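A.B. asks: Requesting a structural model of the entry that follows:
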Amino acid sequence: MKQGKIYLYDQYVGLLTEDETGFTFAYDSDYLASDGAEAVSLTLPLSDEPYHDTVLFPFFDGLIPEGWLLNIAESSWKINQRDRMSLLLACCKDCIGAVSVIPTNESQAEETNGSPKKQKGE
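C.D. replies: Okay, here's the model as predicted:
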């Protein structure tokens with residue numbers, strides 16, 4: 001099983017999991033209860049119920065680099081292009097935009113060397 005913690009503007013919002021049945025994304029209950037909670041994507045609106053699919057959700061798949069950047073990631077980390085979750089976990093710790101995906105065995109501060117991530121409005 002592979003898992004990634006999803007951050008939006010440096011705030012933990014939920015957990016993305018891949019297991020033998022497919023993919024699950026669940027918003028964190030504390031995040032849902034917070035003021036100003038936002039969906040990570042229009043295709044994944046705020047919900048108490050987890051989302052399930054047999055393929056990686058298009059929003060998260062869209063965070064993975066393409067072209068020559070994907071080729072570099074594949075060769076550097078020896079990840080098969082079809083292993084979308086491993087590519088997401090390896091490449092999207094500090095990707096362009098407001099969303100970050102951090103493997104569950106790492107903290108966000110470790111991955112950003114303690115520097116703050118994007119702030120809302122940047």
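A.B. asks: average pLDDT across the lengthiest strand in the chain?
C.D. replies: As assigned by DSSP state E, the longest strand anywhere in the chain is strand 11-19. Per-residue pLDDT over strand 11-19 has a mean of 97.
A.B. asks: And the strands in this structure, which stretches?
C.D. replies: Taking DSSP E to define them, one finds strands in the chain at 2-8, 11-19, 22-27, 51-53, 99-103.
A.B. asks: Export the ones you listed to JSON lines and append columns for mean neighbour count and distance to Arg84.
C.D. replies: For every residue, glycine as well, the C-beta is placed using N, CA and C. Conversion of these to JSON lines gives the following (neighbours: other C-beta atoms under 10 Å; distance: least, C-beta to C-beta, whole Å):
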{"stretch": "strand 2-8", "mean neighbour count": "20", "distance to Arg84": "10"}
{"stretch": "strand 11-19", "mean neighbour count": "18", "distance to Arg84": "8"}
{"stretch": "strand 22-27", "mean neighbour count": "19", "distance to Arg84": "9"}
{"stretch": "strand 51-53", "mean neighbour count": "14", "distance to Arg84": "12"}
{"stretch": "strand 99-103", "mean neighbour count": "21", "distance to Arg84": "11"}
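A.B. asks: so who does Leu42 touch?
C.D. replies: If you count contacts by C-beta atoms under 8 Å, 6 or more residues apart in numbering, Leu42 has none.
A.B. asks: now Met1
C.D. replies: 17-19.
A.B. asks: for Tyr51, same thing?
C.D. replies: 24-26, 44, 57.
A.B. asks: Among these, which one lies nearest to Gly4?
C.D. replies: Phe25 (9.6 Å; C-beta to C-beta).
A.B. asks: thought the closest one was touching Ile6?
C.D. replies: Yes: using C-beta atoms under 8 Å, Phe25 makes contact with Ile6 at a distance of 7.4 Å.
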